[in-house]
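Student: Give me the fold of what follows.
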Amino acid sequence: MLLIRTTELSNQLAVLAQSLSAASLLDVAYLIDESGGVVKSISEKVSITREKVERLGVYAPADFGWSCGDYGLYLAQVQYPGVNQFWLIEHDVRISGNVRAFFETMRERREDFLTSRLQPADRYWWWSKTAQARDVEPFRCFFPMGRFSSSAISLLLETRRHQSRQRLRRRLWPNDEAFVSTTMANSDLSVADFNATAGQYHDEGTWTYDKVFKIDDVPAMGPYAPRLYHPVLSEDQIEKRQVRMHTANTRNHTVSKVVRKTYGRLNRFTAWYPCNAG
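Tutor: Numbering: from 1, shown residues only. Next comes the predicted model:
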């Protein structure tokens, strides 16, 4: 199943969902942050609210709708218990070229977690302090799109629940990139990069955090090699993103580097996984 993560529904998003569903031969549902109220009453959605997250036994920080994209996976697994694999795709992801060929190739992959740029996190990465623990090495990845097995989602949920009971961890809560990559890379489950096949689907030229692509700048689907693009936005969305990024950066820096470093060091004595607690 394809899960498209968004905060709003639009005709443009509906077109994206239909094209991805047709190319992948998978059903689509929208992951919608409805903390501020119901966005729209449609059947194919997974509503994300603080109440639902806390009902799972998971801590919900003030910015969980933005920083904890993995929470939608847990709610989707509850809503669709018969699904064995979920794709988590941000609303601003686009795939150019032969999209069907991309999904056909990925269908042959058996890994529990497919992602991009999975690598150890150096100490200069902003979120690395949140991934400190005695039983793991901090990792990072690029999170606009990933594929998760049901086993991966179960492990992630179990680990989030465990960490939700840790007071120190709640004071310096890992975002989705830090949490998912660290949990999966240090586990016994299998992980791989999208590029670990015959195709070269992404690089820093089109699959990035800082550079913004306008919708008309992205090549259309067609009979040529697939390529991943992020973020792809309309003019209106670009303005909203700038405001959101400024707010997020201001919020992140309200916790001083000294405080982050202190909690990071203290968390090194805690267990990341529930099986290692005690």
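Student: packing partners for the one helix or strand residue 182 maps to?
Tutor: Secondary structure assigned from DSSP states H and E places residue 182 in helix 176-185. Secondary-structure packing of helix 176-185 (3 or more C-beta pairs under 8 Å, 6 or more residues apart in numbering; DSSP states H and E): strand 113-120, strand 139-149, helix 150-164. The C-beta positions use only the backbone N, C-alpha and C, and glycine is treated the same way.
Student: Off-centre distance for that helix?
Tutor: Its chain's average C-alpha position is 10 Å from that of helix 176-185, according to C-alpha atoms, centre = their mean, to the nearest Å.
Student: Direction included, what does whatever helix or strand comes next after it pair up with?
Tutor: For helix 176-185, the succeeding helix or strand toward the C-terminus, using DSSP H and E, is strand 191-193. Strand 191-193 pairs in its sheet with strand 113-120 (parallel), by DSSP bridges.
Student: Can you list the buried residues in the partner strand?
Tutor: Using 16 or more other C-beta atoms under 10 Å as the test for burial, strand 113-120 gives 113, 114, 115, 116, 117, 118.
Student: For residue 23, which non-adjacent residue is closest in space?
Tutor: Leaving aside its chain neighbours, residue 23 sits nearest to residue 99 (3.9 Å; criterion: C-beta to C-beta, 6 or more residues apart in numbering).
Student: That neighbour: neighbouring residues, count only.
Tutor: For residue 99, the number of neighbouring residues by other C-beta atoms under 10 Å comes to 19.
Student: repeat for residue 218
Tutor: Number of residues near residue 218 (other C-beta under 10 Å) recorded here: 16.
Student: tell me the most buried of the helices and strands packed on helix 176-185?
Tutor: With neighbours defined by mean count of other C-beta atoms under 10 Å, none of the helices and strands packed on helix 176-185 is more surrounded on average than strand 139-149, at a mean of 23.
Student: between it and strand 113-120, how many degrees?
Tutor: For strand 139-149 against strand 113-120, the angle between stretch directions is 170 degrees (axes from the mean of the first three to the mean of the last three C-alpha atoms, to 10 degrees).
Student: so residue 56 touches residue 73, yeah?
Tutor: No. The pair formed by residue 56 and residue 73 falls short of the contact definition of C-beta atoms under 8 Å, at 10.9 Å.
Student: got a list of what residue 195 touches?
Tutor: Residue 195 makes contact with 116, 201, 202, according to C-beta atoms under 8 Å, 6 or more residues apart in numbering.
Student: what's the nearest residue to the first one if we skip its chain neighbours?
Tutor: Nearest residue to residue 116, sequence neighbours excluded (C-beta to C-beta, 6+ apart): residue 142, at 4.6 Å.
Student: cool, the last one as well?
Tutor: Across the structure, with C-beta to C-beta, 6+ apart as the measure, the residue nearest residue 202 apart from its sequence neighbours is residue 228 (4.3 Å).
Student: one step back: pretty sure the residue nearest to residue 116 is touching residue 207, no?
Tutor: Yes. The pair formed by residue 142 and residue 207 meets the contact definition of C-beta under 8 Å, at 6.7 Å.
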